[in-house]
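A.B. asks: Below is the sequence, then the predicted model.
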Amino acid sequence: MDLIDDAHIDAYFEKFTLRQTIMIPLVVFAVSLLILAGTTLSIGAPVKLGMEFLGGSAITIDTGDSIESLQQAFSDYPLHNVREHGNRRLLQFEPMSQEEQSELVNFMVENYGAEKIEMRQVGEVFGKSQQIRALQALVIAFVLMAVVVFLIFRKIIPAITVIFAGFADIIFATAMMNVFGLTLTFGTLAALLMLIGYAVDTNLLLTNRVLKRRGDPMRHIKGAMKTGLMMTSTTLAALLVLFVISTVSYLAVSNFTRIDIVRDIAVVLIFGLLADMMNTWMLNTGMLRRYVIPTLSGRRRSS
């Protein structure tokens, strides 16, 4: 059964009013902002930072101890996160004084042996510089995207709507990172940057068909919706497979390990694409129907 056919698309437009298609994404966006604001008040940043941006120590241990037992064993130290990698455990610690660092190393050597420990450190100053670079990367990506969108359409409302949709996708994905306990790492940052491209392509598909093609605008919207939903659905299916393989495949195949960074990237992209479906086919469609199509139709009739 084809779930993305003309009948289902027609039923969607009959079910939701024009006001609802605009307001629902805006409400979700507002809730996402509240989540980020609450996180900022709680930890001082809109999202929990990984060691790459916070600084600290990453220590890998050859052990089969559970995450819970390791959290209890290192409760006297600023333990940031514990992850499983097959028969190894990766422990990430927040920045410590030199004395605390020496105590931690001695504790690990005594309990696990020096040959089973690998240690890596990231300076706090370097971590803060990485925060600035990450913010710069996001800003530059958005500015370049905005320039391209304005050059393509040269109309204020469609261009602003496309840019806002991309921004809302990232805000929602970041809020879900907080809800599900994901940290901002190089991997999740890359996923957020990828969302800019994912957000723009379907919005460009929709807006370009409405503005650049002659004929019934609603027919163009429905055609773009069918194509866009098929594109996004196939990407979501691939990401779900990626999530399953990176999360639970090690339970079925002993040679596999759980790949947390791949799992985190998949989760961020899944939430971002779900938000993109809403922001493209509800918000952007509603804005086009409300503010652009009436003006466009009047100009075409007069010409």
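C.D. replies: Happy to help now that I have it.

A.B. asks: On the C-terminal side of the strand or helix carrying V147, identify the next helix or strand.
C.D. replies: Counting by DSSP states H and E, the element that carries V147 is helix 124-153. Beyond helix 124-153 on the C-terminal side, the first helix or strand identified by DSSP H and E is helix 156-179.

A.B. asks: could you give the mean pLDDT of that following helix?
C.D. replies: Mean per-residue pLDDT for helix 156-179: 91.

A.B. asks: what's the spacing between the helix or strand where L242 lies and its chain's center?
C.D. replies: Per DSSP H and E: L242 is located in helix 217-252. A distance of 15 Å separates the centroid of the chain from that of helix 217-252, by Cα atoms, centre = their mean, to the nearest Å.

A.B. asks: Over to stretch 65-85?
C.D. replies: 26 Å.

A.B. asks: Outside of that stretch itself, list whatever touches it.
C.D. replies: Here stretch 65-85 makes contact (Cβ atoms under 8 Å, 6 or more residues apart in numbering) with 50-51, 54, 56, 60, 63, 89-96, 100, 104, 111, 183, 257-258, 260. Bear in mind the C-beta positions are built from the backbone N, C-alpha and C, glycine included.

A.B. asks: again with stretch 99-108
C.D. replies: So stretch 99-108 is contacted by S57, I59, I61, F74, Y77, P78, F93, M96, I117, M119 (Cβ under 8 Å, 6+ apart).

A.B. asks: that older thread, just the buried ones out of the contacts of stretch 65-85, please.
C.D. replies: 50-51, 54, 56, 60, 63, 89-96, 104, 183, 258, 260 (16 or more other Cβ atoms under 10 Å).

A.B. asks: State the phi and psi torsions of T17.
C.D. replies: Main-chain dihedrals, T17, degrees, to the nearest 10: phi -80, psi 170.

A.B. asks: what number of residues lie near it?
C.D. replies: T17 has 11 neighbouring residues, counting by other Cβ atoms under 10 Å.
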